[in-house]
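In: Just the structure for this:
(one chain, ligands or ions: 1)
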Amino acid sequence: MEVKRTQTKIDTILVLDFGGQYCHLIGGRIREQEIYSEIVPHDISPKDIELLKEKFNVKGVILSGGSGSTYEQDISKLDPKILESGVPVLSLCCAHQILTQPNDGKVKRVNCKEYGITCVTVNAQVGVLKGLKNKEKVWMNKSDGICDLPNSFEPLAHTDDGLIAAFMHKNKPVYGLQWHPEVIHTENGTQVLQNFMFNVCKCQANWRMEVLIEKMVQEIKTEVGEGRAIIGLSGGIDSSVSTVLAARALNEKLTAVYVDHGFMREGETLAIRETFSKFKINFIVVEAQERFMKKLEGVTDPECKRKTIGEEFIRVFEEEAMKSGAQYLIQGTIYPDIIESGFSKNSKNIKSHHNVGGLPEKIGFKKILEPLRELYKDEVRKVAKMLDLPKERVNRQPFPGPGLAVRIIGLLTEEKVRIVKRSDKIVREEIEKTDLAEKLWQYFTIVTDTKATGAKDDTRIYGYVVAIRAVESREAMTASVAKISYDTLEKISTRITSEIPEVTHVVYDITHKPPATIEWE
Ligand code: XMP
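Out: Modelled structure (predicted):
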């Protein structure tokens, strides 16, 4: 692929990371508009910003929301010189309270935490709010709000309980929003970000994805040098993209290792063999079903399950690395894996993704490389298309590394594995008959640890309760329940109960994320 290199400095928005869940999502949304973004620590000094300006044309600064309230955390020490430099600033969520606090703005503690979609009233359609409606649906996750602004600021929008939801500085290009424009559920979030980048900061869209691909390939080349690497290839889009990037960088110095831990979907191993046999990549399959099942004997706690699987993956990779002489392990980790595992500064552990929080402390590799660590799934999909990965890989629904093991609640037994595989196949077949499949992020089943009474062939049986989960999402940080028709749900339920003798009840999970997560464990 030809890479266009710009001779002039590219227009850049700096995102100051205050530790919130959505920080890197802001970066993704900016890149989506073909503008480069660089994520930097929240306590960056004005001097370091000046250094960055030598490399990039810094046109604006966004302060990401933090993960704690301004009362609880001492992360809110923003150097005031950054606000005085004349560079436009957009502060989000509780970060905007940081702007007003030193100026005597009053932050009110609200008792009920406002999570989810909220309606705000926009009083002035100016600046970043240009073109918005009087009533806007926005995504807010707040436990504090502003009830009073200092004289130098002007309110632009408010919540139903009278708190200030957006404001601007009277004399400087400084804006604050209590909501998250970067989250898909904010109806006109893209408009707000575009207003900031193009109208307020006057950015030119001059950044291209090819630049990022080249950067990732170069990084792998530099890190591995004369060494060798193996990559954990699960067949999912993240590891598939990382494999193609790594193969570009390392050629025959790379071995792709696919571990069949026994919790893959029906037909998966065969499909992956087929896809990758067409690529010029050293590709090996490790049949490890028995050893994983043995390690998981007696394990019921979800975090323990994840960690046990994460550790066993590493042990298999270490063994394969010994055989091929590899010193480096490459993984397809993407940003949400890191943030949910609580590995970003100030982020909280939600669940240990197998390739991040599930890793053992001692690892027999010189280094683990994660070329996609700053990207979200939608960006990985774009890269996948540019790398000419086959359509079935690009559109494949995300699948967790620990596989169906995190869709079986409680003890893992051969029977439950069989049930989850068969019910998952039924859901896939029925959804794929409709036009829903393309719109959904994921659709699958969970075998719960609950049993319920049923009657089959006039005989009472005490069978499993299987749950169906289907969600829409853009990047898995938030998700909404898919509105599947009752006809389709009925077909799925009838097939599951008639084709799987051990199941007596089928239920549909109607919970959004948050408060739920997508996977049950
Ligand atoms: P949750 O359940 O946290 O999932 O809402 C968000 C997205 O991540 C996937 N997921 C994982 N992916 N290793 C992965 O590679 C993991 O351990 C893991 N856990 C969850 C999940 O399927 C969803 O798309």
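In: For the stretch 251-400 of the chain, which segments count as helices?
Out: When assigned using DSSP state H, counting those that start in this stretch, the helices of the stretch 251-400 of the chain occupy the ranges 268-277, 289-295, 302-324, 335-340, 377-386, 391-394.
In: what residues does whichever helix or strand comes after the last one touch?
Out: The helix or strand immediately downstream of helix 391-394 is helix 414-432, counting by DSSP states H and E. Counting by C-beta atoms under 8 Å, 6 or more residues apart in numbering, the neighbours of helix 414-432 from elsewhere in the structure are 262-263, 265-267, 293, 404, 407-408, 437, 440, 443-447, 464, 466, 468, 470, 484, 488, 491-492, 495-496, 499-500, 502-503. To be clear about C-beta, it is placed using only N, CA and C from the backbone, and glycine gets the same treatment.
In: Would you mark the buried spots in helix 414-432?
Out: 416-417, 419-428, 430-431 (16 or more other C-beta atoms under 10 Å).
In: Which residues of this structure lie near the ligand?
Out: 306, 336-337, 340, 351, 353-355, 398, 400-402, 442, 476, 513, 517-519 (C-beta under 6 Å from any ligand atom).
In: One more pass at 8 Å, please.
Out: If contact is defined as C-beta under 8 Å from any ligand atom, the residues of the chain in contact with the ligand are 234, 236, 238, 306, 309-310, 332-334, 336-337, 340, 350-356, 358, 377, 397-402, 406, 441-442, 473, 476-477, 479, 513, 516-520.
In: Just the buried residues out of those residues, in ChimeraX syntax.
Out: Selecting in ChimeraX just the buried members of the residues of the chain next to the ligand, where the criterion is 16+ other C-beta under 10 Å, is done with this command:
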select :234,236,238,306,309,310,332,333,334,336,337,340,351,352,353,354,355,356,358,377,397,398,399,400,401,402,406,441,442,473,476,477,479,513,518,519,520
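In: Let me see the contact set for the residue nearest to Ala124 when sequence neighbours are not counted.
Out: Sequence neighbours aside, Leu156 is the residue nearest to Ala124 in space, at 4.8 Å (criterion: C-beta to C-beta, 6 or more residues apart in numbering). Neighbour list for Leu156: 122-124, 126-127, 129, 166-168, 175 [criterion: C-beta under 8 Å, 6+ apart].
In: Pairing partners for Lys513 in the sheet, please.
Out: Ala479 (DSSP bridges).
In: Kindly indicate which of the buried residues of helix 414-432 lies nearest the ligand.
Out: Using C-beta to the nearest ligand atom, the shortest approach to the ligand within the buried residues of helix 414-432 belongs to Asp424, at 12.5 Å.
In: got the buried residues for stretch 308-315?
Out: Buried residues in stretch 308-315, counted by 16+ other C-beta under 10 Å: 308-314.
In: Can you convert those residues into CSV and add a column each for pLDDT?
Out: As requested, these are arranged in CSV below (pLDDT from 0 to 100):
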residue, pLDDT
Thr308, 96
Ile309, 96
Gly310, 93
Glu311, 94
Glu312, 96
Phe313, 95
Ile314, 94
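In: of all the helices of the stretch 251-400 of the chain, which gets the most neighbours per residue?
Out: Among the helices of the stretch 251-400 of the chain, judged by mean count of other C-beta atoms under 10 Å, the one packed with the most neighbours on average is helix 335-340 (a mean of 23).
In: Run through who's touching that helix.
Out: Under C-beta under 8 Å, 6+ apart, the answer for helix 335-340 is 21, 24-25, 344, 347, 349-351, 353, 355-356, 373-377, 475-477, 517.
In: if you set the cut-off to 7 Å instead, what comes out?
Out: By C-beta atoms under 7 Å, 6 or more residues apart in numbering, the list of residues contacting helix 335-340 from outside reads 21, 24, 344, 347, 350-351, 353, 355-356, 373-376, 475-477.
In: which among the contacts of helix 414-432 end up buried?
Out: 262-263, 265, 293, 404, 407-408, 440, 443-447, 464, 466, 468, 470, 484, 488, 491-492, 495-496, 500, 502-503.
In: OK, now which residue of the stretch 1-150 of the chain is nearest to the ligand?
Out: In the stretch 1-150 of the chain, the residue that lies nearest the ligand is Gln21 (11.2 Å; C-beta to the nearest ligand atom).
In: tell me the SS of that residue?
Out: When states are read from DSSP: H, G, I helix; E, B strand; the rest coil, the local structure at Gln21 comes out as coil.
In: quick one: it and Glu182, what's the gap?
Out: 10 Å (C-beta to C-beta, to the nearest Å).
In: neighbour count winner among those two?
Out: Each of Gln21 and Glu182 has its neighbours counted (other C-beta atoms under 10 Å); Glu182 has more, 28 against 25.
In: Which residue ranges of the stretch 101-250 of the chain form strands?
Out: Remark: strands of the stretch 101-250 of the chain, listed N- to C-terminal, are 106-122, 135-148, 153-159, 164-169, 174-177, 229-232; assignment by DSSP state E, counting those that start in this stretch.
In: can I assume Val87 sits in a strand?
Out: No. Under three-state DSSP, Val87 sits outside any strand and is assigned coil.
In: Can you give me every residue that contacts it?
Out: For Val87, the contacting residues are 58, 60-61, by C-beta under 7 Å, 6+ apart.
In: cool, and Asp79?
Out: Taking C-beta under 7 Å, 6+ apart as the criterion, Asp79 is in contact with 45-46.
In: pLDDT score assigned to it?
Out: At Asp79, the model reports a pLDDT of 78.
In: again, but for Ile75
Out: At Ile75, the model reports a pLDDT of 47.
In: do Leu440 as well
Out: With respect to pLDDT, Leu440 has a value of 96.
In: Surely it touches Ala482?
Out: Yes. Applying C-beta atoms under 7 Å as the test, Leu440 and Ala482 come out as touching, 5.4 Å apart.
In: about what we covered before: out of the contacts of Leu156, which is most surrounded?
Out: Taking other C-beta under 10 Å as the neighbour criterion, Ala166 ranks highest of the contacts of Leu156 with 29 neighbours.
In: Between helix 414-432 and the helix or strand Ile492 falls within, find me the angle.
Out: Following DSSP H and E, one finds Ile492 within helix 486-499. Taking axes from the mean of the first three to the mean of the last three C-alpha atoms, to 10 degrees, one finds helix 486-499 and helix 414-432 inclined to each other by 150 degrees.
In: what about Ala165, neighbour count?
Out: One way to gauge burial is a neighbour count; for Ala165, by other C-beta under 10 Å, it gives 26.
In: thinking it is in contact with Val120, fair?
Out: Yes. Contact between Ala165 and Val120 holds when scored by C-beta under 7 Å: they sit 4.5 Å apart.
In: Need the overlap of contacts for these two.
Out: With C-beta under 7 Å, 6+ apart, Ala165 and Val120 have common neighbours 157-159, 179.
In: Beta-bridge partners for the residue lying closest to Leu489 once chain neighbours are set aside, please?
Out: For Leu489, the nearest residue in space outside its immediate sequence neighbours is Tyr508; the separation is 5.9 Å by C-beta to C-beta, 6+ apart. When bridges are taken as DSSP bridges, the partners of Tyr508 come out as Ile468.
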